[in-house]
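**Q** pasting a predicted model and its sequence here:
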Amino acid sequence: GGSSSIAQLDPSGCSEIVAVITNQAQTAANPSTSVARSYQLALSAASTNATLSVVKVGSGSGTVTSTPAGIQCGSDCEENYAGGTPVELAAAASAGSTFAGWSGACTGTGPCSVTMDSAKSVAATFSGSHTLSVERWGSGTGTVTSDVAGISCGDDCSETYPFGTVVRLAASASSGSSFGGWSGNGCIVAGGTCTVNVNWAKSVKARFTDATAPIPPVLDGSNLAKPFQTSKTFDLSWGVPEIGQYDVRYRSAPHGGAFGGFVLWQSGTSGTSAIFSGSPGRAYCFSARATDADLNTSEYGTERCTAIPASSAALKHRGPWSKKKAGGYFLGAFSVTSTKGANLELANVRAKRLALVVTRCPRCGTIKVFFKNKLLRRIRLGAGSIRKKQIVDLAVFNTVRSGRLRVVVMSSGRPVKIEGVGVSRL
């Protein structure tokens, strides 16, 4: 009347199961009163285990735990479960990180449920928060603000955002400054704004430049202080090297005409001096402007003017004059006579200032200079030594006057050397 069971039977590899029931104590045939008995053989497969593996990926951090217990990933990220066991995984992001979702045997961002009917693998993605930094640079000033609250630079120039946050930065220049552009990693520029995907730490630079134009440079040079030059070439200087670059222009007028238009002599030069080469018988006026490192350009500054005298060869000779060439004289030439009454003329003069270029010497004679038939000066050319290229001022008028200039020799037997005539409209 009892029951028996087989504690364990592994049927794997068996094609047929046969149960044999015996009474090991029986030594004779069954008695007539024996009761027939029946047996039922129940077979069940032995249970199998399956492994659940968890991996954490991404730039952030966090833990994954399981129900039932077994996985605490952190440190324990793999567990064997009996076949068919339902397991639920839960993800918890660390501070500064977010849980981005499951992959592998699970998807989505909710709890992960798996049935361990086979080995399973699950990946949990944690995304970190990253810092967006803004740096302002350049000679100007301004502010940078973000559309996602956090940056107002001015004062607050960095902010930590969740992974993948898209931030748009806008720049505003202060008065007297201008915005010069964006640079840095991950900056997509459109319409003057900078869009950044904060999927890792990023830094953006905003350049602000001083929009104030520099002071116009002042033309200088020892020769510009002279109303008349004694050479076709002379030096000019302007500005200071740190300013950036310069443009230098001039306009000129012949001795009998008006000033023409401006000619650009030096364009975009970083130099601050140069040698100018002009033409005899012309007045020149120079002006300069400066462009600084931020590409702000000044107005042209005040003009500085000078003139190159007309050569002796340009004069009309009346009487016994000799035209000579020799070193040390203005333009290497002069006209000489010792005859009283000999004269030199320059017609069609238009001037506010007149001068002669002469040679002085111990035995040199005397001349008179007339303009529009009016005596300007009587000049004794004698000196203790020979001195060439001597500028002798004749007159300075309040307005431009027109007429003929004449030089008349008043002495006899004494040399008179005329090297040129200076005419300036300024």
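**A** Thanks, I have the structure now.

**Q** what stretches of the stretch 101-250 of the chain score poorly on pLDDT?
**A** 222, 241 (pLDDT under 70).

**Q** could you rerun that using 90?
**A** For the stretch 101-250 of the chain, applying pLDDT under 90 flags the ranges 127-130, 139, 162-164, 185-186, 191, 199-201, 213-214, 218, 220-225, 239-244.

**Q** ranges for the strands of it?
**A** Remark: strands assigned in the stretch 101-250 of the chain by DSSP state E, counting those that start in this stretch are 112-116, 120-137, 142-146, 152-153, 158-162, 165-173, 177-184, 188-190, 193-198, 202-210, 219-220, 233-238, 245-254.

**Q** adjacent strands (with direction) for the fifth one?
**A** Each strand pairing with strand 158-162, determined using DSSP bridges, is listed with its direction: strand 120-137 (antiparallel).

**Q** and Val114, how many neighbours?
**A** Burial measure for Val114: 21 neighbouring residues, criterion other CB atoms under 10 Å. For glycine as for every other residue, the C-beta is placed from the backbone atoms N, C-alpha and C.

**Q** and Val408, by the same measure?
**A** Applying other CB under 10 Å, we find 20 residues neighbouring Val408.

**Q** and for Ser152?
**A** If you count neighbours by other CB under 10 Å, Ser152 ends up with 14.

**Q** I'd say it and Thr145 touch.
**A** Yes - using CB atoms under 8 Å, Ser152 is in contact with Thr145, at 5.3 Å.

**Q** report the contact partners of Phe286.
**A** Leu219, Leu224, Leu236, Val248, Arg249, Tyr250, Trp265, Phe276, Glu303, Arg304, Cys305 (CB atoms under 8 Å, 6 or more residues apart in numbering).

**Q** run the last query once more with 6 Å
**A** Contact partners of Phe286, counting by CB atoms under 6 Å, 6 or more residues apart in numbering, are Leu219, Tyr250, Arg304.

**Q** what residue ranges in the stretch 301-426 of the chain score low on pLDDT?
**A** Looking at the stretch 301-426 of the chain by pLDDT under 90, you get 425-426.

**Q** please, where are all the strands along it?
**A** Assigned by DSSP E, counting those that start in this stretch, the strands in the stretch 301-426 of the chain fall at 304-308, 310-311, 316-318, 322-325, 333-337, 343-360, 366-371, 374-380, 387-409, 416-424.

**Q** burial-wise, tell me which of those comes out on top.
**A** Mean neighbour counts were compared across the strands of the stretch 301-426 of the chain using mean count of other CB atoms under 10 Å; the top stretch is strand 416-424, at a mean of 26.

**Q** name the helices or strands packed onto that strand?
**A** Packing contacts for strand 416-424, counted by 3 or more CB pairs under 6 Å, 6 or more residues apart in numbering; DSSP states H and E, involve strand 310-311, strand 333-337, strand 343-360.

**Q** and for that strand, what's in contact with it?
**A** The set of residues that contact strand 416-424 without belonging to it, under CB under 6 Å, 6+ apart, is 227-228, 255, 283, 307, 309-312, 329-330, 334-337, 344, 346, 349, 351, 353, 355, 357-359, 365, 367, 409.

**Q** try stretch 303-322
**A** Counting contacts by CB under 6 Å, 6+ apart, the residues outside stretch 303-322 that touch it are 219, 224, 228-229, 232, 255, 278, 280-283, 285-287, 331, 333-337, 339, 342-346, 357, 418-422, 424, 426.

**Q** repeat that for stretch 113-130.
**A** Counting contacts by CB under 6 Å, 6+ apart, the residues outside stretch 113-130 that touch it are 50-62, 64, 81, 84-88, 91, 93, 96-101, 103-106, 112, 160, 162-163, 198, 200-201.

**Q** of those, buried ones?
**A** By neighbour count, with 16 or more other CB atoms under 10 Å, these hold 50, 52-54, 56, 58, 60, 62, 64, 81, 85, 87, 91, 93, 97-101, 103, 105-106, 112, 162-163, 198 as buried.

**Q** just the C-alphas of stretch 320-339, formatted as PDB.
**A** As requested, the backbone C-alpha atoms of stretch 320-339 are provided in PDB (Å, rounded to 0.1, in the frame of the first residue of the first chain):
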ATOM      1  CA  PRO A 320      76.300 135.600 -71.200                       C
ATOM      2  CA  TRP A 321      75.500 132.700 -68.800                       C
ATOM      3  CA  SER A 322      77.400 129.400 -68.700                       C
ATOM      4  CA  LYS A 323      75.600 126.200 -67.800                       C
ATOM      5  CA  LYS A 324      77.900 124.000 -65.800                       C
ATOM      6  CA  LYS A 325      77.700 120.500 -64.300                       C
ATOM      7  CA  ALA A 326      79.700 119.600 -61.200                       C
ATOM      8  CA  GLY A 327      79.400 117.600 -58.000                       C
ATOM      9  CA  GLY A 328      78.000 119.200 -54.800                       C
ATOM     10  CA  TYR A 329      75.600 121.500 -56.500                       C
ATOM     11  CA  PHE A 330      71.800 121.200 -56.500                       C
ATOM     12  CA  LEU A 331      71.000 118.400 -59.000                       C
ATOM     13  CA  GLY A 332      74.700 118.500 -60.000                       C
ATOM     14  CA  ALA A 333      74.400 121.700 -62.100                       C
ATOM     15  CA  PHE A 334      74.400 125.500 -62.000                       C
ATOM     16  CA  SER A 335      74.400 128.600 -64.200                       C
ATOM     17  CA  VAL A 336      77.300 131.100 -63.800                       C
ATOM     18  CA  THR A 337      78.000 134.600 -65.100                       C
ATOM     19  CA  SER A 338      80.200 137.600 -64.100                       C
ATOM     20  CA  THR A 339      78.400 140.100 -66.400                       C
END
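
**Q** and the residue lying closest to Pro415 once chain neighbours are set aside, how far from Phe234?
**A** Excluding the flanking residues, the one nearest Pro415 by CB to CB, 6 or more residues apart in numbering is Ser338, at 5.3 Å. Using CB to CB, to the nearest Å, one gets 33 Å for the distance from Ser338 to Phe234.
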